[in-house]
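Participant: Predicted coordinates and the sequence they were generated for:
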Amino acid sequence: DIVMTQTPLSLSVTPGQPASISCKSSQSLLHSDGKTYLYWYLQKPGQSPQVLIYEVSSRFSGVPDRFSGSGSGTDFTLKISRVEAEDVGVYYCMQGIHLWTFGPGTKVEIK
Amino acid sequence: QVQLVESGGGVVQPGRSLRLSCVASGFTFSSEGMHWVRQAPGKGLEWVAVIWYDGSNKNYADSVKGRFTISRDNSKNTLYLQLNGLRAEDTAVYYCARAVAGANFFDYWGQGTLVTVSS
């Protein structure tokens, strides 16, 4: 089974400042089809999760461009260029190359 | 717009069964794969099961394999999850989610239904 880890597990950010979350997988998420099956979700308080990024770096429809994803193989990063109050919640990375596994989540709060 | 509405949750004793439903609207249900994902109280997300658009293929997390069964009725735009042999550790909010066509992730999620396993 593929294990996903995230660091940090919590983050307190001043509005307008950047934030970065790291995600690592126990196996490469690069498929033979050339795609890398790594995704990022945000679960805002009291809501269902929503997808932010798919295949490492593609923003899902409607996601603000302050969110960006990068990485390859087993190491990935989600960056928020300027955190806004509406970005609070728990961020999860997820792999989809062998069934599906989520990371433990990173709780982002505003200072 | 896409809507997914789960129902069927409740309080159930260990070892008993429950069936969850997810009614879909706003898209061609019979053309899309569907997933169940759960979240224990105060915990993270755990993928549970997937079913292909036509029901021809299913996969399960090891934690539920042999106890849970995913199914669908495309004539009713409804996804199901049969939960048998429930354990305390199955206590969670269960979400249904739509698979993105041609991709290995989920876009739309329902609001979830809470299953509590307790004596």
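Facilitator: On my side now, so go ahead.
Participant: by contact count, what packs against whichever strand or helix holds B:Arg38?
Facilitator: Using DSSP states H and E, B:Arg38 maps to strand B:34-39. Applying 3 or more C-beta pairs under 8 Å, 6 or more residues apart in numbering or on different chains; DSSP states H and E, one finds that strand B:34-39 makes contact with strand B:18-25, strand B:45-51, strand B:68-73, strand B:78-83, strand B:92-99, strand B:106-109. Backbone N, C-alpha and C define where each C-beta goes, glycine included.
Participant: Quick one: list the elements packing against the first one.
Facilitator: Counting by 3+ C-beta pairs under 8 Å, 6+ apart, the packing neighbours recorded for strand B:18-25 are strand B:3-7, strand B:34-39, strand B:78-83, strand B:92-99, strand B:113-117.
Participant: Burial check on the residue lying closest to B:Gln3 once chain neighbours are set aside, number of neighbours?
Facilitator: Spatial nearest neighbour of B:Gln3, chain neighbours left out: B:Ser25 (4.7 Å); criterion: C-beta to C-beta, 6 or more residues apart in numbering or on different chains. By other C-beta atoms under 10 Å in any protein chain shown, 11 other residues sit near B:Ser25.
Participant: again with A:Gln17
Facilitator: When neighbours are defined as other C-beta under 10 Å, A:Gln17 has 12 of them.
Participant: Can you get me a residue count around the nearest residue to B:Val5 once chain neighbours are set aside?
Facilitator: Of all residues not flanking B:Val5 in the chain, B:Val23 sits nearest, at 5.0 Å (C-beta to C-beta, 6+ apart). Neighbours of B:Val23 under the rule other C-beta under 10 Å: 16.
Participant: Return the residues in contact with B:Val23.
Facilitator: B:4-5, B:7, B:76-78 (C-beta atoms under 8 Å, 6 or more residues apart in numbering or on different chains).
Participant: Likewise for A:Leu29?
Facilitator: Going by C-beta under 8 Å, 6+ apart, A:Leu29 touches A:2, A:36-38, A:73-74, A:95, A:97.
Participant: rewinding a little: please report which of the contacts of B:Val23 has the highest neighbour count.
Facilitator: B:Leu4 (24 neighbours).
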